[in-house]
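[1] Need coordinates for the following:
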Amino acid sequence: MPFAKNKINKLIDRLLAASGWLEIEKVVSEFEQAFGPKDVRAVPALIGILAQRNAWLRSAAALALGAIGPAANRAVPHLVPALRDKNAQVRHDAAMALKQIRPQDPDVIRRLFRRLLDDDDDVQGAAEEALVEILKDYKGPDAARFKRRLMIWRGDW
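    Residues are numbered from 1 along each chain as shown. Got it, this is the predicted structure:
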């Protein structure tokens, strides 16, 4: 366990010190390799990065949380505000992370529906992809209504 914590700290330090998007992508890739799906050890540190001022870092943290998948579910309350970030790339990557985490929360689903009206086409597409993935197995309140609403949005009716 100390090795993992040391590895997390080193990757976080490298992420915070990164000087450009290519370097950030490299560190995110290393996160994915070192702490893949179901490995939640890096989640608290990544949640902290979502609060950074640097949009690249917030975006990278969202991508890394998404790579962990459903095991990163405790990050959902921190990803949801990123759907309203002033930076379109952060909004896009938060939606993609939610797609991979697949939270079964009706409030998250409602917020993703709002992103279908985003000013940025890529954010709209990411929100749609996230909704498709999340609603595949969604059995919560308003499941039928959510699925029908998405079908209408997509023109599948």
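
[2] For the residue positioned nearest the centre of the chain, what is the enclosing helix or strand?
    Residue closest to the average C-alpha location in the chain (CA atoms, centre = their mean): Ala97, at 2.2 Å. Secondary structure from DSSP states H and E places Ala97 in helix 88-101.

[3] The helix or strand following that helix vs helix 88-101, what angle?
    Downstream of helix 88-101, the first helix or strand assigned by DSSP H and E is helix 106-115. Helix 106-115 runs at 140 degrees relative to helix 88-101, counting by axes from the mean of the first three to the mean of the last three CA atoms, to 10 degrees.

[4] can you list contacts of helix 106-115?
    By CB atoms under 8 Å, 6 or more residues apart in numbering, the list of residues contacting helix 106-115 from outside reads 76, 80, 83, 91, 95, 98, 123-124, 126-127, 130-131, 134-135, 138, 140-142, 146, 149-150. Yep, even glycine has a C-beta here, placed from its N, CA and C like the rest.

[5] again, 10 Å this time
    With contacts defined as CB atoms under 10 Å, 6 or more residues apart in numbering, helix 106-115 is touched by 76-77, 79-81, 83-84, 91-92, 94-95, 98-99, 101-103, 105, 123-131, 134-135, 138, 140-143, 145-146, 149-150, 153.

[6] If any of the residues you listed are buried, put those into a ChimeraX selection.
    Here is the ChimeraX command that picks out the buried ones among those, judged by 16 or more other CB atoms under 10 Å:
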select :76,79,80,83,91,92,94,95,98,99,101,102,103,105,123,124,125,126,127,128,130,131,134,135,138,146,149,150,153
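
[7] who touches Phe15 in this structure?
    Careful, residue 15 is Leu; it's not Phe. 23-24, 26-28, 30-31, 45-46, 49, 52, 54, 56-57, 60-61, 64.

[8] For it, what are phi and psi?
    In terms of degrees, to the nearest 10, the main-chain angles of Leu15 are phi -60, psi -40.

[9] How much space separates it from Ile49?
    Using CB to CB, to the nearest Å, Leu15 is found at 7 Å from Ile49.

[10] what do the two both touch?
    Leu57, Ala60, Ala61, Ala64.

[11] From those, list just the buried residues.
    By 16+ other CB under 10 Å, those give Leu57, Ala60, Ala61, Ala64 as buried.
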